[in-house]
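Student: my questions are about this predicted structure, shown below with the sequence.
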Amino acid sequence: MKKLAVPLLAVLAAIGLAVSVYLVFYDAPLEYSRNAELQLNGSSLFFNQKIVYFHVGHAFWLFGAVFVSGLSSIAFLKTRNPRWDDIASASTDVAVAFGAVVLFTGSVWAKAAWDVWWKWEPRLTMSLLLWLILVGYVLVRRFAGPSADRIASGMAIFGMVVVPFVYVMVGEGNSHPQAAPGLNPSEGVVGKISPGMRPALWLSVASFLCWYVALLISRVQSTRAERELRELRERGFDLGVLS
Amino acid sequence: MAGIDRVEIRKLAKRYGSERALAGVTLDLAAGSMCALLGHNGAGKTTLLGIVSTLVRQTGGTVAYRSNGAEVTGAAVRREIGMLAHASLCYGELTARENLALIAGLYEVDGSAAALDGALDRVGLDRKAWDRAARTYSRGMLQRLALARALLTRPSLLLLDEPFTGLDRDGALSLGRQLGALRDAGAIVVVVTHDLEAIADRADHVAILRRGQLVFEERGAYTYEQLKDVYHRHAN
Amino acid sequence: MALLRHAARVAWKDLRIELRSREIVYTMAFFGGLLVVIFSFAFPRDVRAVRGAVPGMLWVAIALAGTIGLGRAFDRERENDTMRALLLAPVPRLAVFLGKAIATTVLVLAVAVVCAPMLAWLLDAPLFAYPGPLVLVVVLGAVGIAVIGSVFAATLLKVRSRDVLLPVILYPLLVPLFVAGTSSTSAQVAEFPNLDAAWYWIEFLGIYDSAFLVLSVWVFESLVIE
């Protein structure tokens, strides 16, 4: 059963992605900006808004991965069982990749919506900060030497606790930009979405969940295999079988 | 409490990431004995000492500290431990008296001027240095201060990590003598060292580690020649 | 309570050493002051533009000088391996953490005490228009930096790349603290001060500090003992 998990999830993700692509391009309504000024300037998003389905799909699991890392880091510190550390580390690796996608798609969307490559609006800001924390985790794992697992765990836990504060922080202090009503960022991090777009959005979120879990399991397996190989080598040396 | 009179180490293991520093070490330490813990660099001696001193958490196995048969845990264990390392564990900006006063406060032992001065006297630290900052001390003086610091709290478990490094011949012999006296008074003394000559004719228990495993253990008196022989046979 | 007594002992030890050598305080304060001078030159002479930047300047100075001071204060425990001595003592390891955090808070406040008046003087900014909120926000900011900073500075003590890794770990985690600090200070310094906003951010900082203090207390020993 375990062996099937990764291919199964990957297939589910692929199917989900294919169906959501269909929904996104053929079923979900085009986004017509109700904002007169934007329409005048011809900068309503229309087709470009569709990138949001991929953006939000990845963003959901970026946040999810932060909590997975944080929780498994707590488990690791309490039990010192390296399997928890494997999960935390793998989750962060995947989250860094997802985060890069979120920032990239977010940037493309910002260019389409506001004609700037970046805007300090709530969701993008929060994604950037989370991503920086995760990148910090990866750097610590790489450069902190033999106790890197313990130190990185600390960072993951603190990173997880900081999320609600970042959430509140971005909700308040920033200007409210003109935005396409399809996903209105001035309403905080989780925006409103018009009903026609919902099926496509939730399906894409679900597909990316499968994708995230598939990547996570695959990465954990590879880390664990590396670790077990190293331990076997050590034992071989001790027994005198290897030299 | 009478003090720790037995340390039972069972199948102790320590892994750093995927590197194994200790694997299945089982050892008993008894009151009134001096154990020489030997081995090459990287064999796991410092790690073992770290775990016994509660500064390092093991990944497997147990360490039990007993006093009259009952088990001692937590902060009570640390109260009984005295440590002497290559570093002095003392603050350079504070004077000898201030360093000892800090320890007396943290360990809640007699911190009166008489007690502190007595401790400094016993290790032979020059009286004129008692009110000078420790960073002005010579290596020998610093080692004396470190010893005073370790002994101030009258520990029953004395752990020493390369205490002879940097000492001249006389200094090493003197320290060896003092350790012998402490052992005779009933303490458990564990010495990690490369200096076989300093520990010879004093240690009554020898344990040799290699690649994280205990490969040799014996109780008895050892001369320098015997130590060298046993070391070369087992540490490689 | 014994815990607080031991923490006070550790903190007092740090502060006494600092009073004697004054090394960290002088260098941190001078560095902070230098930053303020550089900022003054870096921004245009237009009064209104500069005024808007003053809260940012204050908090950047606190951030940079504070982190350096934090690193140095813990570096001191590396000389002669005294951190090992502290952890070996029968006091709860938590007391060591609290003591270092208290001492670091004092050091960071020393930077603020130098930089804030300098900014008010050189840039003619009404930084002290509302002294109560200002003091409160700076103190809360210093506590936050000290608490989170102490956890990681102690954890990284024996790590080789700690000089670089400490800011890498610390700054992203401290972003909400700096946003809150600058927002509150801005609200106080603005042409039309908004005290409601200023107090909102002070409350935010209070909750932030409390949350991380609780977390640090819970996790410190696990992180610091190898």
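Tutor: Great, that's in hand. Because the structure is a prediction, the values reported are computed rather than measured.
Student: quick one, what contacts B:Glu19?
Tutor: Counting by Cβ atoms under 8 Å, 6 or more residues apart in numbering or on different chains, B:Glu19 touches A:Pro146, A:Arg230. For the C-beta atoms, the positions are set from N, CA and C on the backbone; glycine is no exception.
Student: and the helices in chain B?
Tutor: B:45-52, B:75-79, B:96-107, B:113-122, B:139-151, B:169-184, B:196-199, B:224-234 (DSSP state H).
Student: could you measure C:Thr182 against C:Met57, distance?
Tutor: Plainly put, C:Thr182 is 9 Å away from C:Met57 if you go by Cβ to Cβ, to the nearest Å.
Student: which one of these two has more residues nearby?
Tutor: In this view C:Thr182 and C:Met57 are compared by other Cβ atoms under 10 Å in any protein chain shown, and C:Met57 has more residues nearby, 25 against 22.
Student: center of chain B, which residue is that?
Tutor: B:Leu159 (1.7 Å; Cα atoms, centre = their mean).
Student: for the host helix or strand of C:Leu3, what is the distance to the chain centroid?
Tutor: Here C:Leu3 is covered by helix C:2-21, with elements defined by DSSP states H and E. Once both centres are worked out by Cα atoms, centre = their mean, to the nearest Å, helix C:2-21 turns out to sit 17 Å from its chain's centre.
Student: cool, stretch B:123-133 as well?
Tutor: 23 Å.
Student: show residues contacting that stretch.
Tutor: By Cβ under 8 Å, 6+ apart, the surrounding residues in contact with stretch B:123-133 are B:92-97, B:117, B:120-121, B:136-137, B:141, B:144-145, B:147-148, B:151.
Student: buried only: go through these for me.
Tutor: B:92-97, B:120, B:137, B:141, B:144-145, B:147-148, B:151 (16 or more other Cβ atoms under 10 Å in any protein chain shown).
Student: what's the separation between A:Ala113 and A:Lys119?
Tutor: A:Ala113 sits 8 Å away from A:Lys119 when distances are taken as Cβ to Cβ.
Student: the more surrounded of these two?
Tutor: The neighbour comparison of A:Ala113 against A:Lys119 (other Cβ under 10 Å) goes to A:Ala113, with 25 against 22.
Student: A:Ala59: what's it in contact with?
Tutor: A:Ala59 makes contact with A:Phe98, A:Val102, A:Arg123, A:Ser127, according to Cβ under 8 Å, 6+ apart.
Student: can you put these in TSV and add pLDDT and distance to B:Leu27?
Tutor: Rendered in TSV, the data for the contacts of A:Ala59 read as follows (pLDDT from 0 to 100; distance: Cβ to Cβ, whole Å):
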residue	pLDDT	distance to B:Leu27
A:Phe98	87	49
A:Val102	86	54
A:Arg123	77	58
A:Ser127	86	53
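Student: need the max-distance pair from those residues.
Tutor: With Cβ to Cβ as the measure, no two of the contacts of A:Ala59 lie farther apart than A:Phe98 and A:Arg123, at 14.1 Å.
Student: and those two? Which one has more around it.
Tutor: Shown here are A:Phe98 and A:Arg123; by other Cβ under 10 Å, A:Phe98 has more neighbours (26 against 21).
Student: what sits against the more buried one?
Tutor: Applying Cβ under 8 Å, 6+ apart to A:Phe98 gives the contacts A:His58, A:Ala59, A:Trp61, A:Leu62, A:Ala65, A:Phe208, A:Tyr212.
Student: show me how far the helix or strand where it lies is from its chain's centre.
Tutor: Taking DSSP H and E as the criterion, A:Phe98 maps to helix A:82-114. Taking Cα atoms, centre = their mean, one finds helix A:82-114 lying 4 Å from the centre of the chain it belongs to.
Student: follow the chain on from it and name the next helix or strand.
Tutor: Following helix A:82-114 toward the C-terminus (DSSP H and E): helix A:122-143.
Student: if we go by neighbour counts, what in the next helix or strand after that next one is buried?
Tutor: Going down the chain from helix A:122-143, the next helix or strand is helix A:148-172, by DSSP H and E. Residues A:148-163, A:165-170 are the ones in helix A:148-172 that count as buried (16+ other Cβ under 10 Å).
Student: keep only those that also lie close to chain C.
Tutor: A:150-151, A:153-155, A:157-159, A:161-162, A:165-166, A:168-169 (Cβ under 8 Å from any Cβ of the partner chain).
Student: A:Ser204: which of those residues is nearest?
Tutor: Taking Cβ to Cβ as the measure, A:Ser204 lies nearest A:Val166 of these, at 24.2 Å.
Student: OK, contacts around that closest one?
Tutor: Each residue near A:Val166 by Cβ under 8 Å, 6+ apart is listed here: A:Thr125, A:Met126, A:Leu129, A:Leu130, C:Val175, C:Pro176.
Student: swap in C:Glu77?
Tutor: By Cβ under 8 Å, 6+ apart, the contact list for C:Glu77 reads C:Met83, C:Leu86, C:Leu157.
Student: alongside chain C, which residues does chain A contribute?
Tutor: Counting by Cβ under 8 Å from any Cβ, chain A comes close to chain C at A:77-78, A:129, A:132-133, A:136, A:139-140, A:143-145, A:147, A:150-151, A:153-155, A:157-159, A:161-162, A:165-166, A:168-169, A:172-173.
Student: how about the residues of chain C by chain B?
Tutor: So far as Cβ under 8 Å from any Cβ goes, chain C lies against chain B at C:6, C:9, C:13, C:16-17, C:20-21, C:79-82, C:84-92, C:225-226.
Student: how about a cut-off of 7 Å?
Tutor: C:6, C:9, C:13, C:17, C:20-21, C:79-82, C:84-85, C:87-92, C:225-226 (Cβ under 7 Å from any Cβ of the partner chain).
Student: buried ones among these?
Tutor: Buried, going by 16+ other Cβ under 10 Å: C:6, C:9, C:13, C:17, C:80-82, C:84-85, C:87-92, C:226, out of these.
Student: I am finished for the moment; much appreciated.
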